[in-house]
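Chemist: Following is a predicted model, sequence given first.
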Amino acid sequence: RAVTLKTISLALSATADLTLLLTMLLKWNAVRGYLATALIYFISSMLLFSLIGVTVHQPPQIIAPQTWHYTQNFYYGIFAATSYLFVAFLLSIYACSVRTIHLSIQDRRIIENTSIILRAFTLAAFLLGGAAIYIPIEGWSLADALYWSAYTILTVGIGNIVPKTHLGRSLLIPYATGGITCLGLFVSSIASFSRKMGELRLKFELEQEGIHLHKTPHPDIVKIKQIKSHWQRRHRWIIFSFYFCAWLLLWLVSARIFKSSERSQGWTYFESLYFTFVSLTTIGYGDFYPTSNLGKSFFVFWALLAVPVMTTLVGVVGQVGFHTVVYFVRRIGKGWSWGGFMRRVGMFVDGRRLDLSAPAGGGADVRVAGGDLEVDIERQACPTLDIVTLPLERPRPGQHKLHLCEEIKSLVDILKDDDRDVDLHREWARIVSLLSVDEGGGAEVFGAETHRQQVIREVVSANQSATDRDKEILWMAKLLVEKLCSCLREDVRC
């Protein structure tokens, strides 16, 4: 009877997986599809919990020298039932929120990420398939083979269970290569999903501010960049805090569990901390390893969570650390004479004049004579930008149109060269100066004074990705084209 219930539970979980995948791929009714999937997961979980309850109330079968008298399969059942229940809970929340939050087809594609599901299935197939193959080759049990395949693919390499036959060692090379590749693809899909979800949250935040990305009036471009700049800083630290707390939890709490499970070996809490840290960082010395049924089964479940979290945390720390170091280097070196000399050379090469004598108040000025723009840029927003003095003479109408065309051509050349390093701060200063020349149509392109004052201050977003840089340059080109069209319309009317 117990075997029958296990089989039914396994079949239900497979059905739930298939239903979930089809709902995502075919974009079925989200409420019905996900609620049905959650219900199937819940039933499968309850079947396993019923078996667990019956097993707990049976007379114990203690096998020396084990401290815990339950088998590894028993603990795997607990982890599986808990996972089914957790997934059912999350799917129920999402299905209920679909009615209250309007999601487009594109938004659903981002949230309902089939790439993670497919790669998780592939990784699970490698774990279980490899364990099944090595059972007859090495004479291991299924639980021990799964334990071995987990620390092999996750590159922990504890080494207390190793293949000893020639065939087993030969198969290890293609098996480990394919498994580690699947693990890398799975971790990369998690990072990609996190990034896309962040962009979706940014979109919702912009819409809450009354800004729609596909029909944005020109003055709102500055507001978009202001919100985006603040959001990117906040998002980086939120992601870092989340993964760091998850890493601490997986390190400290799991050490306490391993201390309890390995009482037969006399592990102290410090030795458990040492073991979990060595495993988290995939060092895997092998001087400490679990021998109890609880320890081995928990290690598999724990490692599948901990290693991807650790890998993602390393990437997040790299991003946060890079932005932090760049910020402090700019703050420290903003008055450095060598940096000022290089800025002078750069401005001379570009044909622009740079006055490095900063005002007493500590701010930097951008002044455009002949137009309406006169804004102050706080050094905190752009620490490398000092006083930029743009040409004083007001260009003739034909000359202004020529400048617009030349600037558009320059932006197109920048887009064509992906490796070209561009100072977007100064590009925006030039763009704003061209947009601010009053020929009767400037107001249609660029709005109120407050928006002008925000342009150079809020458009500054250092260390952008190539995609963000290209989008920003396209915004510049669009503004210039519309300014040029506005000037030409005025000529036609005259």
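Modeler: Arrived safely, thanks for sending.

Chemist: any weak-confidence spans in the stretch 101-250 of the chain?
Modeler: Applying pLDDT under 70 to the stretch 101-250 of the chain flags residues 209-226.

Chemist: how about the helices of it, start to end?
Modeler: Secondary structure of the stretch 101-250 of the chain (DSSP state H, counting those that start in this stretch): helices located at 105-111, 114-138, 142-153, 166-208, 219-261.

Chemist: out of these, deepest packed?
Modeler: helix 142-153 (a mean of 22; mean count of other Cβ atoms under 10 Å). Any C-beta I mention is one placed from the backbone N, CA and C, and that applies to glycine too.

Chemist: Which residues belonging to stretch 16-29 are considered buried?
Modeler: If you call a residue buried by 16 or more other Cβ atoms under 10 Å, then stretch 16-29 has these buried ones: 16, 17, 19, 20, 21, 23, 24.

Chemist: Could you pick out which of these are located in helices?
Modeler: 16, 17, 19, 20, 21, 23, 24 (DSSP state H).

Chemist: Contacts only, for the fifth one.
Modeler: Remark: with contacts taken as Cβ atoms under 8 Å, 6 or more residues apart in numbering, residue 21 is in contact with 114, 117, 118.

Chemist: Could you check how far the second one is from residue 483?
Modeler: Meaning residue 117. Residue 117 sits 47 Å away from residue 483, taking Cβ to Cβ, to the nearest Å as the criterion.

Chemist: do the last one as well
Modeler: Distance check for residue 118 against residue 483: by Cβ to Cβ, it reads 47 Å.

Chemist: same thing with the first one?
Modeler: For residue 114, the distance to residue 483 under the criterion Cβ to Cβ works out to 44 Å.

Chemist: Around residue 52, count how many other residues there are.
Modeler: By the criterion of other Cβ atoms under 10 Å, residue 52 has 16 neighbours.

Chemist: contacting residues for it?
Modeler: By Cβ under 8 Å, 6+ apart, the contact list for residue 52 reads 74, 77, 78, 81.

Chemist: ok, 7 Å please
Modeler: Each residue near residue 52 by Cβ atoms under 7 Å, 6 or more residues apart in numbering is listed here: 77, 78, 81.

Chemist: Remind me which helix or strand the last one belongs to.
Modeler: For residue 81, the host element (DSSP states H and E) is helix 72-98.

Chemist: May I see the buried residues of that helix?
Modeler: Under the neighbour-count criterion of 16+ other Cβ under 10 Å, helix 72-98 has 72, 74-81, 84-85, 87-88, 91-92, 94-95 buried.

Chemist: elements contacting that helix?
Modeler: In terms of contacts (3 or more Cβ pairs under 7 Å, 6 or more residues apart in numbering; DSSP states H and E), helix 72-98 is packed against helix 30-56, helix 293-333.

Chemist: among those helices, which gets the worst mean confidence?
Modeler: Lowest mean pLDDT of these: helix 293-333, a mean of 86.

Chemist: between it and helix 72-98, how many degrees?
Modeler: 50 degrees (axes from the mean of the first three to the mean of the last three Cα atoms, to 10 degrees).

Chemist: what angle separates helix 293-333 from helix 166-208?
Modeler: Going by the same axes, to 10 degrees, helix 293-333 makes 50 degrees with helix 166-208.

Chemist: which SS state does residue 431 fall under?
Modeler: Under DSSP: H, G, I helix; E, B strand; the rest coil, the three-state class of residue 431 is helix.

Chemist: Now it: closest residue in space, sequence neighbours ignored.
Modeler: residue 476 (5.0 Å; Cβ to Cβ, 6 or more residues apart in numbering).

Chemist: Could you do residue 133 as well?
Modeler: residue 171 (7.0 Å).

Chemist: Then residue 94?
Modeler: residue 34 (6.0 Å).

Chemist: for residue 235, same thing?
Modeler: Of all residues not flanking residue 235 in the chain, residue 198 sits nearest, at 5.3 Å (Cβ to Cβ, 6+ apart).

Chemist: Contact partners for residue 265?
Modeler: residue 291.

Chemist: right, and residue 175 touches residue 130 too?
Modeler: Yes - between residue 175 and residue 130 there is a contact under Cβ atoms under 7 Å: 5.3 Å.

Chemist: Now residue 284. Its backbone dihedrals?
Modeler: phi 60, psi 60 (degrees, to the nearest 10).

Chemist: who's in contact with it?
Modeler: Taking Cβ under 7 Å, 6+ apart, we find residue 284 in contact with 156, 157, 158, 278.

Chemist: Can you select the buried ones from those in ChimeraX?
Modeler: Those of those that count as buried under 16+ other Cβ under 10 Å are selected in ChimeraX with:
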select :156,158,278
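
Chemist: Tell me which two of the contacts of residue 284 sit farthest apart.
Modeler: 157 and 278 (10.2 Å; Cβ to Cβ).

Chemist: what sits against the residue nearest to residue 94?
Modeler: Contacts for residue 34 (Cβ under 7 Å, 6+ apart) come out as 23, 91, 94, 95.

Chemist: Of all pairs in these, which one is the farthest apart?
Modeler: Longest span within the contacts of residue 34, Cβ to Cβ: 23 and 94, 10.9 Å.

Chemist: so which of the contacts of residue 34 comes closest to residue 410?
Modeler: Set against residue 410, the nearest of the contacts of residue 34 by Cβ to Cβ is residue 94 (46.6 Å).

Chemist: For the residue nearest to residue 150 when sequence neighbours are not counted, give me its contacts.
Modeler: Of all residues not flanking residue 150 in the chain, residue 300 sits nearest, at 4.4 Å (Cβ to Cβ, 6+ apart). If you count contacts by Cβ under 7 Å, 6+ apart, residue 300 has them with 146, 147, 150.

Chemist: Is it possible to get CSV of those residues that adds distance to residue 296?
Modeler: As requested, those are exported to CSV (distance: Cβ to Cβ, whole Å):
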residue, distance to residue 296
146, 9
147, 5
150, 9
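
Chemist: Quick check: the gap between residue 4 and residue 47.
Modeler: Distance from residue 4 to residue 47, counting by Cβ to Cβ: 10 Å.

Chemist: typo on my end, residue 410
Modeler: From residue 410 over to residue 47 the distance is 67 Å, taken as Cβ to Cβ.

Chemist: So for the two, which residue has more residues nearby?
Modeler: Neighbour totals were compared for residue 410 and residue 47, and residue 47 leads with 22 against 16 (other Cβ under 10 Å).
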